[in-house]
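> model this:
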Amino acid sequence: MGADHHGPAKGLTRWLFTTNHKDIGSMYLWFSFAMFLLGGTFALVIRSELFQPGLQIVQPEFFNQMTTMHGLVMVFGAIMPAWVGLANWMIPMMIGAPDMALPRMNNWSFWILPFAFTMLACTLLMDGGAPNFGWTFYAPLSTTYAPPSVTYFIFAVHLMGMSSIMGSINIIATIMNLRAPGMTYMKMPMFVWTWFITAFLLIAVMPVLAGVVTMMLFDIHFGTSFFSAAGGGDPVLFQHVFWFFGHPEVYIMILPAFGVVSEVLPTFARKPLFGYSSMVYATASIAFLSFIVWAHHMYTVGMPIAGELFFMYATMLIAVPTGVKVFNWVTTMFRGSMTFETPMLFAIAFIILFTIGGLSGLMLSLAPLDFQYHDTYFVVAHFHYVLVQGALFAIYCGVYYWLPKWTGYMYDETLAKTHFWMTFIGVNTAFFPMHFVGLAGMPRRIPDYALQFADYNMLSTIGAFITGFSQLIFVAVVIKCIKGGKKATDQVWDGANGLEWTVASPAPYHTFSVPPQVR
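The predicted structure is shown next:
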């Protein structure tokens, strides 16, 4: 794979030209971690500025650039590539495939990303500075009043979209065509199922994002007025098109998390996943509903009452399949012989904290209440509980779970647990107080605030710094594990009980150790 006639490629050539799904998965994961550290640095700038009222560390303009870049880098650079990395590593092995269906396209879809994000990061050095209009880049703020760097931002978004669409086509082609004999759809591991559904979501909504940034480009450079009321356009149109992409996007970031947690819980509870088929149908229901709720981000634009009611009820409906999932996870653990290794700690923390995020989301779904919560820190608290304590915790859960499989060595459990507890304390200290300042009326995206919010903001900032520096422990765990240590066996988790990497599908069937042609 990516080699000449004299044996396998070495050094840089190996990584540049590789078509091996494991190499590409590893590159995605390292890239996403680098972006996570970059986005986290932006977050620490934001939190430093908000440490106390009246404190000015950076200019308000730069503060706005930081909020924008933090959101964009975390969503498109950290969370999504991490999931694609896990998909690349695990899906072929879980379904008994020799590799991904389209290996060369796999290589290409990765290598687009470093160029896209380098270009996005370079906007910080341009005249007029980086984009300053928030990660949702609402027009006309992002068209009429934007810095010149917005054009580079648009190109970067196009490249990310290309990468996502190619990755998704590859995942769908692999799952549909390369399953081992006997691996029917309803025997697939839950992680494979969640990614299968996610890939369809990505293919459906990425062109919508491409469309909206192209309309922006035309408004900026070619004299059109899609989003300019002065020329007969409509700024609210931007919000409709953006959120038609943006709402399924948040489910794209969380569905694979459901898959990972559904793999990890059965292993450490030592019993099969409860309600496998209901989990598959619940995932599909969530994906479908995610398409018809987009305007719940827009209750305050002045839509008709009938519109508000439709989006309110549709949004509340998503709580049903999500509740099914949470019930199934809890029931999987119920009366199991549980042990609490690091992946299990992350999985349990995911369930508890994601549920808190889900409940605050249910509050936001109610139109009359949302008029009070809209654009306050309550919203910030809600989506960070879903995406940090949700998606990020599940990524860590999956990485710790499969790290021994990837490296052949066990990681340092003590260090890993330290990483978990420090991160757990850090994120909750950072994001829980935001609920209170939000309900008390503190608006989001402001570089300064009134005195009554000072104590909680100080707490949030301390929590953010604890979280940020705890991730260095994770770097140590991974590097130490790659270098060696205790050998991982086939029964890596608690070998005395003969426990293997189980999959969440019915029966103890799994495809980790036997190549498809031998089976």
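> Report the buried residues of stretch 232-246.
233, 235-236, 238-246 (16 or more other C-beta atoms under 10 Å). Where you see a C-beta, it was placed from the backbone N, CA and C, and this is true even at glycine.
> Report pLDDT for the closest residue to S337 other than its chain neighbours.
Leaving aside its chain neighbours, S337 sits nearest to R270 (4.5 Å; criterion: C-beta to C-beta, 6 or more residues apart in numbering). Looking at R270, its pLDDT reads 91.
> quick one, helices of the stretch 51-200 of the chain?
Assigned by DSSP state H, counting those that start in this stretch, the stretch 51-200 of the chain shows helices spanning 60-72, 80-95, 103-122, 150-177, 190-221.
> So which of these is nearest F436?
helix 60-72 (20.4 Å; C-beta to C-beta).
> just the angle between that closest one and helix 103-122, please?
170 degrees (axes from the mean of the first three to the mean of the last three C-alpha atoms, to 10 degrees).
> tell me how far helix 60-72 is from the chain's mean position?
Distance of helix 60-72 from its chain centroid, counting by C-alpha atoms, centre = their mean, to the nearest Å, is 19 Å.
> got it, and stretch 327-343?
Computed by C-alpha atoms, centre = their mean, the chain-centroid distance of stretch 327-343 equals 24 Å.
> And stretch 419-435, by the same measure?
The answer for stretch 419-435 is 18 Å, by C-alpha atoms, centre = their mean.
> which element is the closest residue to V320 other than its chain neighbours on?
In space, and not counting its chain neighbours, V320 is closest to S285: 7.7 Å by C-beta to C-beta, 6+ apart. In the assignment (DSSP states H and E), S285 maps to helix 276-289.
> Run the angle between that helix and helix 190-221 for me.
10 degrees.
> For helix 276-289, list the C-alpha coordinates in PDB.
Extracted C-alpha coordinates of helix 276-289, given in PDB (Å, rounded to 0.1, in the frame of the first residue of the first chain):
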ATOM      1  CA  TYR A 276     -29.800  -3.900  20.100                       C
ATOM      2  CA  SER A 277     -32.500  -3.400  17.400                       C
ATOM      3  CA  SER A 278     -34.200  -0.600  19.300                       C
ATOM      4  CA  MET A 279     -30.900   1.100  19.500                       C
ATOM      5  CA  VAL A 280     -30.500   0.900  15.700                       C
ATOM      6  CA  TYR A 281     -34.100   2.200  15.100                       C
ATOM      7  CA  ALA A 282     -33.600   5.000  17.700                       C
ATOM      8  CA  THR A 283     -30.400   6.100  15.900                       C
ATOM      9  CA  ALA A 284     -32.200   6.200  12.600                       C
ATOM     10  CA  SER A 285     -35.200   8.100  14.200                       C
ATOM     11  CA  ILE A 286     -32.800  10.700  15.700                       C
ATOM     12  CA  ALA A 287     -31.200  11.200  12.300                       C
ATOM     13  CA  PHE A 288     -34.500  11.700  10.500                       C
ATOM     14  CA  LEU A 289     -35.900  14.100  13.100                       C
END
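> helices and strands around that helix, which ones?
helix 190-221, helix 235-269, helix 319-333 (3 or more C-beta pairs under 8 Å, 6 or more residues apart in numbering; DSSP states H and E).
> switch the cut-off to 6 Å
In terms of contacts (3 or more C-beta pairs under 6 Å, 6 or more residues apart in numbering; DSSP states H and E), helix 276-289 is packed against helix 190-221, helix 319-333.
> which residues touch that helix?
With contacts defined as C-beta atoms under 6 Å, 6 or more residues apart in numbering, helix 276-289 is touched by 190, 193-194, 197, 201, 317-318, 321, 324-325, 328, 506.
> and with 7 Å instead?
Residues from elsewhere that reach helix 276-289 (C-beta atoms under 7 Å, 6 or more residues apart in numbering): 186, 190, 193-194, 197, 201, 251, 255, 258, 262, 273, 314, 317-318, 321-322, 324-325, 328, 504-506.
> same thing with stretch 459-475?
37, 40, 43-44, 47-48, 50-51, 415, 418-419, 422-423, 425-427, 429-430, 433-434.
> Could you do stretch 139-153 as well?
So stretch 139-153 is in contact with 119-120, 123, 126-133, 216, 219-220, 227-228, 235, 238, going by C-beta under 7 Å, 6+ apart.
> Could you identify the buried members of those residues?
Among these, the ones that count as buried by 16+ other C-beta under 10 Å are 120, 123, 129-133, 216, 219-220, 227-228, 235, 238.
> possible to save those residues as TSV with pLDDT and distance to K480?
Below are the buried ones among the contacts of stretch 139-153 laid out as TSV (pLDDT from 0 to 100; distance: C-beta to C-beta, whole Å):
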residue	pLDDT	distance to K480
L120	97	32
T123	96	36
G129	94	39
A130	96	36
P131	96	38
N132	95	40
F133	95	42
M216	98	46
D219	97	51
I220	97	49
F227	97	51
S228	95	55
P235	97	52
F238	98	48
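> Format these as CSV; extra columns: distance to W15.
Formatted as CSV, the buried ones among the contacts of stretch 139-153 follow (distance: C-beta to C-beta, whole Å):
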residue, distance to W15
L120, 22
T123, 27
G129, 33
A130, 29
P131, 30
N132, 35
F133, 35
M216, 35
D219, 40
I220, 37
F227, 41
S228, 45
P235, 44
F238, 39
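> Considering the residues you listed, which is situated nearest to Y456?
N132 (25.8 Å).
> Now do the contacts for the closest one.
Here N132 is in contact with 61, 64-65, 68, 147 (criterion: C-beta under 7 Å, 6+ apart).
> separation between it and G25?
Per C-beta to C-beta, to the nearest Å, N132 is found 35 Å from G25.
> try F310
Note on F310: its distance to G25, by C-beta to C-beta, is 41 Å.
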